[in-house]
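Asker: I would like the atomic coordinates for the input below:
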Amino acid sequence: MITNRRIFVLCAILRPRVFVFSFQFNEKGERDAKSIVDPHPDAHTLNNLPSNRSLMTLTILKLGGSVLTEKTNVPTPKPEAIKRCAREIASATTPGDADSSLILVHGAGSFGHPQAEEHDSPDGFSNFGITEIHRTVASLNELVIGALIKSGIPAAPVHPLSCVVADDTRIVEILTAPIAMMLERGIVPVLHGDVVMDRGRGASIVSGDQLVTYLAAQFGAARIGFGTAVDGVIVDDATIPLITPATFGSVRSQIHGSDGTDVTGGMLGKVLELLNIDMDSYIFDATKGGMVARFLSGEELGTKIAKL
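Answerer: So this is what the prediction gives:
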């Protein structure tokens, strides 16, 4: 017997609009069709089913690789730090609450940067290099997911290699529909810095920092935080409380990268990413107990990167 089913069929892509027909089948096998006009003519169709802007309150938290891993040339996690961050996330959020959503992004640390440096060459990454880099950072993602689930957070991995396209190291597309659907169910998507397919280079490294700013713009995040291993942006041994586009030029030369191997730009790279989005964000020390929970509870911590 044919039961009620709904099927979406992409019928035509006609700029500036994309038409999608939704067929509703009844018990007799009859169908009614209606068209849905994509309100974002320049976006990929799948990224707009469902609408990304339907989320009520979204926080995007990025935990740096230096918070979760040791600064070594071999993959070495910090198990207690991973568990602590997971517990703090659980204490400051309501698991399964779709009205107050969280996207978690984490850096690769020693699970990605040394491998990316090892496999890089003038000809780019080899196929086996791509798989090795991804396999290694995915193993860290699995540890983070496991800690979140044990703390009562319904978390699921979203691997950028499978959903991100870059062009000369910059993200040009993310398949966001599955992420939006996870958020609507109250699932916490967990992304990470990764190797991705690149139109210009074949493959390239996309940082967790870049993922945060792209997703924040796509979803209209209400709050953005970068949990690092320092108190914020440090200049002359002091934390700068506020950076704006107007003040950035005076401190840029004094903002340094990170210790150890980092192929994604360090602290300067983070500030540059955050200045590119039209929303406030915070860089704070996530190695200190309670800081992750305090950020998720709404406190202003560390350095504030203010919008125009």
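
Asker: Strands of the stretch 201-308 of the chain, start to end?
Answerer: 202-206, 223-228, 234-235, 238-239, 242-243, 281-285, 303-305 (DSSP state E, counting those that start in this stretch).

Asker: pull the CA atoms of the longest one into PDB?
Answerer: Output in PDB follows, covering the C-alpha atoms of strand 223-228 (Å, rounded to 0.1, in the frame of the first residue of the first chain):
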ATOM      1  CA  ARG A 223      27.400  34.600  20.100                       C
ATOM      2  CA  ILE A 224      30.800  33.400  19.100                       C
ATOM      3  CA  GLY A 225      33.700  32.300  21.300                       C
ATOM      4  CA  PHE A 226      37.300  31.100  20.600                       C
ATOM      5  CA  GLY A 227      38.600  29.100  23.600                       C
ATOM      6  CA  THR A 228      42.400  29.200  23.400                       C
END
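
Asker: hmm, who's touching it?
Answerer: 58-64, 66-67, 85, 209, 212-213, 216, 267, 270, 274, 277, 279-286, 291-292, 295-296, 298, 301 (Cβ atoms under 8 Å, 6 or more residues apart in numbering). For glycine as for every other residue, the C-beta is placed from the backbone atoms N, C-alpha and C.

Asker: hmm, back to that, nearest to Pro79 among the strands of the stretch 201-308 of the chain would be which one?
Answerer: Smallest distance to Pro79 across the strands of the stretch 201-308 of the chain (Cβ to Cβ): 17.0 Å, for strand 223-228.

Asker: Run through the chain and note the low-pLDDT ranges.
Answerer: Low-confidence segments of the chain (pLDDT under 70): 1-56, 257-265, 308.

Asker: How is it divided into domains?
Answerer: 5-42, 47-305 (automatic domain parsing).

Asker: Just name the most buried of those domains.
Answerer: Sort these by mean neighbour count, taking mean count of other Cβ atoms under 10 Å, and domain 47-305 sits at the top with a mean of 19.

Asker: relative to strand 223-228, how tilted is the helix or strand hosting Ala81?
Answerer: Applying DSSP states H and E as the criterion places Ala81 in helix 79-92. Using axes from the mean of the first three to the mean of the last three Cα atoms, to 10 degrees, one finds that helix 79-92 and strand 223-228 are set 160 degrees apart in direction.
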